[in-house]
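S.K.: Provide a 3D model corresponding to the input given below.
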Amino acid sequence: MNYCITRAPSRKLAALVAAALLAAQPALAAGEEGEGAPRGPAVTVLKVAKYCFNNNVEVSGIVLAREETSVRPERLGAKVTEILADAGDTVTAGQVLARIAPPEGGSITVQAPVAGLISQSTAQIGGMVGAKGEALFNIVARSEYDLVGMVPVRDIAKLQVGQPARIKIIGAGDVDARVRRIAPTIEPNSQLGQVFIGITPARRFLINSSGRALIKIGQSCGIAVPLTAILYGSAGTVVQVVRRARIETRRVETGLMAAGQVEIKEGLQEGDIVVARAGALLREGDPVRPVTAAAEAK
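M.R.: Model (predicted):
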């Protein structure tokens with residue numbers, strides 16, 4: 001009788017078979033992610049934080065001398081013999097500006113009655129001067145200037161003397177200032193009121209140059225997001241929040257705006273994660289992979 005004896009495969013053979021089976025399986029396609037891995041596009045996010053906004057009233061106007069003094073010699077028929085100061089010079093009280101010769105002979109000095117900046121001069125050697133003619137010199141007393149502008153009646157009640165302001169003057173840059181005087185009446189046709197904003201630094205400014213002032217009337221502190229995080233559409237003003245790696249669309253009520261930040265009065269809480277650059281391609285419920293702005297910058 002013949003017997004067929006079958007031996008169990010060795011461990012080495014079993015390992016070879018298993019390896020062959022694994023090699024025969026198709027490889028995972030590029031871009032496929034395992035179960036539980038993040039899905040959707042990467043989006044830059046940031047955390048909603050507190051921010052303080054200055055509540056400002058904007059005023060446009062022109063720069064005027066607060067007080068201007070005219071210098072006119074009292075002697076009629078005198079001639080200018082020497083000029084010692086010119087327009088643009090800063091002078092002190094009592095400083096000699098020019099010398100003139102009256103008809104009867106001799107020499108008379110013309111002095112500055114106040115300290116300040118000479119804004120205009122008509123002095124010419126040999127030119128005639130007198131008490132009734134054109135002023136020989138005009139001096140901006142104490143080099144003090146005002147930005148004089150008109151404010152809508154709705155904003156006049158918000159203004160008070162002494163409120164700080166920041167003025168941008170064409171050709172002179174930004175300067176500090178304060179509300180100095182508020183007109184007690186309103187122009188009936190335009191319903192605008194006049195405000196005088198005193199410019200703090202004793203610098204030379206071009207009279208009649210244009211300027212724009214932001215008068216700080218208060219401060220509002222709350223939460224804010226960048227302007228880029230806001231979407232405006234038929235659904236209203238919305239922000240895209242990331243929660244559990246998915247997009248949630250939140251309607252918000254906005255307030256003040258400054259330096260690219262928008263005050264959020266309702267709809268968000270401090271610590272919420274929002275899309276830094278909201279876009280129409282992201283919709284409610286879309287999966288995303290949030291990346292913080294700080295991490296993206298590295």
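S.K.: Look up how far residue 196 lies from the residue most central in space within the chain.
M.R.: For the chain, the residue nearest the mean C-alpha position is residue 259 (5.8 Å; Cα atoms, centre = their mean). Relative to residue 196, residue 259 is positioned 28 Å away (Cβ to Cβ, to the nearest Å). Where you see a C-beta, it was placed from the backbone N, CA and C, and this is true even at glycine.
S.K.: just residue 79 next, same as before
M.R.: 40 Å.
S.K.: repeat for residue 144
M.R.: The gap separating residue 144 from residue 196 is 11 Å, by Cβ to Cβ.
S.K.: Quick check on residue 118: phi, psi?
M.R.: For residue 118, the backbone dihedrals (degrees, to the nearest 10) come out as phi -70, psi 110.
S.K.: Just confirm residue 278 is within a strand.
M.R.: No. Applying DSSP: H, G, I helix; E, B strand; the rest coil, one finds residue 278 to be coil, outside a strand.
S.K.: tell me the mean pLDDT for stretch 195-210?
M.R.: The average of the pLDDT scores along stretch 195-210 is 83.
S.K.: So what would you say the end-to-end distance of that stretch is?
M.R.: 15 Å (Cα to Cα, to the nearest Å).
S.K.: in that stretch, what counts as buried?
M.R.: 195, 196, 197, 198, 199, 205, 207 (16 or more other Cβ atoms under 10 Å).
S.K.: Now do the third one against residue 164, distance only.
M.R.: Computed with Cβ to Cβ, the distance linking residue 197 and residue 164 is 10 Å.
S.K.: Overlap of the contact sets of those two?
M.R.: 177, 178, 215 (Cβ atoms under 8 Å, 6 or more residues apart in numbering).
S.K.: The last one reaches residue 197, doesn't it?
M.R.: I take that to be residue 215. Yes. Assessed by Cβ atoms under 8 Å, residue 215 is found in contact with residue 197 at 7.2 Å.
S.K.: thinking again about what came up before, please indicate which of the shared contacts of residue 197 and residue 164 has the highest neighbour count?
M.R.: Highest neighbour count within the shared contacts of residue 197 and residue 164, by other Cβ atoms under 10 Å: residue 215, with 26 neighbours.
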